[in-house]
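Peer 1: Pasting the sequence and the predicted model now:
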Amino acid sequence: MASTETKTSPESGSVEAGLDALETAQPGRTPFRKTFVDKVVPPITAIVVVLVVWQGLITLKIVADPTKLPTPGAVWHAFRNDWLQGKLLGYIWTSVSRGLLGFCLALLIGTPLGLLVARVRFVRAAIGPILSGLQSLPSVAWVPPAVIWLGLNNSMMYAVILLGAVPSIANGLVSGVDQVPPLFLRAGRTMGARGLKGTWHVTLPAALPGYVAGMKQGWAFSWRSLMAAEIIANFPDLGTGLGQLLENARTASDMAMVFEAILLILFVGIAIDLLIFSPLERWVLRSRGLLVKG
Amino acid sequence: MATTLAKAAESVEYAARLEQVSKSFATPGGQQLVLDDITLDVAPGEFVTLLGASGCGKSTLLNLVAGLDRPTAGSITTDGRPALMFQEHALFPWLTAGKNIELALKLRGVAKSERRGRAEELLELVRLKGAYGKRVHELSGGMRQRVALARALAQESNLLLMDEPFAALDAITRDVLHDELTRIWSETGLSVLFVTHNVREAVRLAQRVVLLSSRPGRVAREWDVDIPQPRRIEDAPVAELSLEITEVLRGEIRRHGQH
Ligand SMILES: Nc1ncnc2c1ncn2[C@@H]1O[C@H](COP(=O)(O)OP(=O)(O)OP(=O)(O)O)[C@@H](O)[C@H]1O
Ligand SMILES: [Mg+2]
């Protein structure tokens, strides 16, 4: 068969190199100044505008009652007080540790559940529709039954987190698996990746974008329902989280503290998303070339 | 140059043997016969191109040989599990070029310590030395097909199935890859079953061209290609035989217009 020596036309190699050079994208780095102007300046401007309008409402006596609308200064004071007394980080940590621990439990339950629904036809027919229907149920609705089942305690709060996050995580994984291009599965099979090997080496990595999207949504859901649960289960010995802080502020009619608690809940939710889930999602998408550089 | 069917009696050895293979699909309008009574041998080390009009069942046939689907009738035997290279590169986007190749090695049971070196050798074989750490989306179309070729070669199958692997590439890149494929084939002694609807490509590459008719797909005719390698697609003998085959292919297609 080997009638041919490696006698392919000599210029073929260099043509090839030229083609490769032409067709490979030149990597570029965005300069720091541009990132700063594009990403940092707009949100800071927005915050400044909100503060100016807020202060304006009070200075111009459009809202005069400080029990309805505290001044930005009073809210700042509430933050400062809690910080100086060393309580601020405690509030945050109580809620965040609950939320993240509950979320990790939800991952441990939601992942195998999602795989089962995705791969076993009987399980999918049995609970698939319920699982995706559960996503449109506001997870706060689980708080009253959880209180009745488990009482006003920590397990109730974890149960509420699980009920919020597990369906999202499982559903994300199911839709991720469903959207795996058949071509990848066939390519895997010709290489000998069948059964469990196929699941591990092809199906799961291919389903990762959907899975991460489900995780992101699961976190958003569980954070919301955790806050609802904390507002209701308010005993000092359970520890004071952000929900409890909000409820304490309400009973004390301290509007500055109410604002403090709401802002904290908002910022912690955003921060977890920005620090954990968004980078994870971006990494998954970017490494596959699915993220168009904005 | 026309020859009759396979030299079945003499070749006890074969890389793939198809005996009276038929395949039909269930469609809303009833059973649709796509492949009818295909008998074909690929000898060890032989380069066969399978030529046919669009929709005549070429991909279906390769899927059957690759074991991704079962024939409705007849039997297919291959010497080990064939490697298959798809029309789209089918590389895994979550792995780098090098890791794609290493996955094929891993699934074949190659020890971890040897994989990296072997993957780099294969990349060198397809002249992509520096591409080990590149993501799939960072490679051009031609480079992707070469990585896909390297991944298929990593399976160390005796038979390489290729489903129009260069159809989406521009003429110059395709030319380069033809040279590469011929070189690799002659260096490795692989058997290749290469599907295309491009007559010149078929003649440029093959030792034997098999023409499939359409609806249902049957082996219409075969040609042995005695032109010595390396050939170029614009060589006169290649053009001449292409013309002859194109005439027959036209006739096949015309026959369908009359029904
Ligand atoms: N899974 C399937 N179910 C039903 N019909 C199918 C299926 N797969 C292929 N066919 C039919 O079989 C015929 C041959 O398809 P195939 O993809 O093998 O053609 P092809 O020769 O590879 O065409 P092309 O050159 O366009 O790739 C087509 O008419 C197609 O509609
Ligand atoms: Mg095809």
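Peer 2: Okay, I see it. Note that the structure is a prediction, hence the values are computed from the model and not measured. Numbers count the residues shown, from 1 in each chain, chains lettered A, B, ... in the order given. Ligands and ions are numbered 1, 2, ... in the order given.

Peer 1: all contacts plus neighbour counts: C-alpha atoms, from now on.
Peer 2: Noted.

Peer 1: buried stuff in stretch B:228-244?
Peer 2: Going by neighbour count (16 or more other Cα atoms under 10 Å in any protein chain shown), the buried part of stretch B:228-244 is B:Gln229, B:Pro230, B:Arg231, B:Arg232, B:Ile233, B:Pro237, B:Val238, B:Ala239, B:Leu241, B:Ser242.

Peer 1: can you confirm the fourth one is in a helix?
Peer 2: Right, B:Arg232. No: secondary structure of B:Arg232 (DSSP: H, G, I helix; E, B strand; the rest coil): coil, not part of a helix.

Peer 1: what about it, distance to A:Ala64?
Peer 2: 88 Å (Cα to Cα, to the nearest Å).

Peer 1: Now do the phi/psi pair for B:Asp163.
Peer 2: Main-chain torsions, B:Asp163, degrees, to the nearest 10: phi -110, psi 100.

Peer 1: Compute the number of surrounding residues for it.
Peer 2: 23 (other Cα atoms under 10 Å in any protein chain shown).

Peer 1: same thing with B:Met162?
Peer 2: Neighbourhood size, B:Met162 [other Cα under 10 Å]: 23.

Peer 1: do B:Ile76 as well
Peer 2: 20.

Peer 1: In which helix or strand does it reside?
Peer 2: strand B:73-78 (DSSP states H and E).

Peer 1: Partner strands of that strand, with direction?
Peer 2: strand B:16-27 (antiparallel) (DSSP bridges).

Peer 1: mind listing what's buried in the partner strand?
Peer 2: By neighbour count with 16+ other Cα under 10 Å, strand B:16-27 contains the buried residues B:Ala16, B:Arg17, B:Leu18, B:Glu19, B:Gln20, B:Val21, B:Ser22, B:Lys23, B:Ser24.

Peer 1: Return the residues of chain B in contact with ligand 1.
Peer 2: When proximity is defined as Cα under 6 Å from any ligand atom, chain B approaches ligand 1 at B:Phe25, B:Thr27, B:Val34, B:Ser54, B:Gly55, B:Cys56, B:Gly57, B:Lys58, B:Ser59, B:Thr60.

Peer 1: Please name the nearest non-neighbouring residue to the third one.
Peer 2: With sequence-adjacent residues excluded and distances taken as Cα to Cα, 6 or more residues apart in numbering or on different chains, B:Val34 is closest to B:Pro216, at 4.8 Å.

Peer 1: can you count the residues close to that neighbour?
Peer 2: B:Pro216 has 19 nearby residues by other Cα under 10 Å.

Peer 1: And it, its phi and psi?
Peer 2: Phi and psi for B:Pro216, reported as degrees, to the nearest 10, are phi -80, psi 160.

Peer 1: who touches the residue in the stretch 151-259 of chain B that ligand 1 sits nearest to in this structure?
Peer 2: Using Cα to the nearest ligand atom, B:His197 is the residue of the stretch 151-259 of chain B that sits closest to ligand 1, at 6.2 Å. Going by Cα atoms under 8 Å, 6 or more residues apart in numbering or on different chains, B:His197 touches B:Leu51, B:Gly52, B:Ala53, B:Ser54, B:Glu164.

Peer 1: tell me which element the fourth one is part of?
Peer 2: Think B:Ser54. Going by DSSP H and E, B:Ser54 is not in any helix or strand.

Peer 1: Once you drop chain neighbours, what's closest to it?
Peer 2: Spatial nearest neighbour of B:Ser54, excluding adjacent residues (Cα to Cα, 6+ apart): B:His197 at 6.9 Å.

Peer 1: ok, now how distant is B:Ala43 from chain A?
Peer 2: Using Cα to the nearest Cα, to the nearest Å, we find B:Ala43 at a distance of 11 Å from chain A.

Peer 1: Now do the same contact list for the residue nearest to that residue when sequence neighbours are not counted.
Peer 2: In space, and not counting its chain neighbours, B:Ala43 is closest to B:Tyr14: 4.5 Å by Cα to Cα, 6+ apart. By Cα under 8 Å, 6+ apart, B:Tyr14 lies in contact with B:Asp41, B:Val42, B:Ala43, B:Pro44, B:Thr78, B:Asp79.

Peer 1: re earlier: show me which of the buried residues of stretch B:228-244 neighbour chain A.
Peer 2: Residues of the buried residues of stretch B:228-244 in contact with chain A (Cα under 8 Å from any Cα of the partner chain): B:Gln229, B:Pro230.

Peer 1: could the buried residues of stretch B:228-244 go into CSV alongside distance to A:Ala193 and pLDDT?
Peer 2: As requested, the buried residues of stretch B:228-244 are exported to CSV (distance: Cα to Cα, whole Å; pLDDT from 0 to 100):
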residue, distance to A:Ala193, pLDDT
B:Gln229, 36, 78
B:Pro230, 36, 81
B:Arg231, 37, 83
B:Arg232, 38, 83
B:Ile233, 37, 80
B:Pro237, 43, 81
B:Val238, 40, 73
B:Ala239, 42, 80
B:Leu241, 41, 80
B:Ser242, 39, 83
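
Peer 1: who in the stretch 101-250 of chain B is up against chain A?
Peer 2: B:104, B:107-108, B:135-140, B:143, B:155, B:173, B:176, B:179-180, B:183, B:186-187, B:189, B:228-230.

Peer 1: pLDDT weak spots in the chain?
Peer 2: Because you didn't say which chain, this covers chain A. Applying pLDDT under 70 to chain A picks out residues A:1-17, A:19-30, A:292-294.

Peer 1: nope, chain B
Peer 2: B:1-12, B:256-259.

Peer 1: Using the record's domain definitions, break it down for me.
Peer 2: B:2-82+B:158-255, B:92-156 (automatic domain parsing).

Peer 1: ranking these by burial, who's on top?
Peer 2: Most buried of these by mean neighbour count (mean count of other Cα atoms under 10 Å in any protein chain shown) is domain B:92-156; its value is a mean of 20.

Peer 1: Please compute how far that domain lies from its chain's middle.
Peer 2: 19 Å (Cα atoms, centre = their mean, to the nearest Å).

Peer 1: Need the distance between the two termini of that domain.
Peer 2: Terminal-residue distance, domain B:92-156 (Cα to Cα): 19 Å.

Peer 1: Equivalent analysis for stretch A:55-71, please.
Peer 2: Start and end residues of stretch A:55-71 are separated by 6 Å (Cα to Cα).

Peer 1: Now do the SS call for the residue nearest to A:Leu131 when sequence neighbours are not counted.
Peer 2: Excluding the flanking residues, the one nearest A:Leu131 by Cα to Cα, 6+ apart is A:Pro167, at 5.7 Å. Put simply, A:Pro167 is helix when judged by three-state DSSP.

Peer 1: Distance-wise, check the one residue in the stretch 151-294 of chain A that gets nearest to ligand 1 relative to B:Thr188.
Peer 2: Nearest to ligand 1 in the stretch 151-294 of chain A, going by Cα to the nearest ligand atom, is A:Pro182, at a distance of 12.0 Å. According to Cα to Cα, A:Pro182 and B:Thr188 sit 30 Å apart.

Peer 1: near chain B at all, the helix or strand that contains A:Gly214?
Peer 2: Assigning secondary structure by DSSP H and E places A:Gly214 in helix A:204-232. Yes: remark: helix A:204-232 sits within contact range of chain B at A:Pro205, A:Ala206, by Cα under 8 Å from any Cα.
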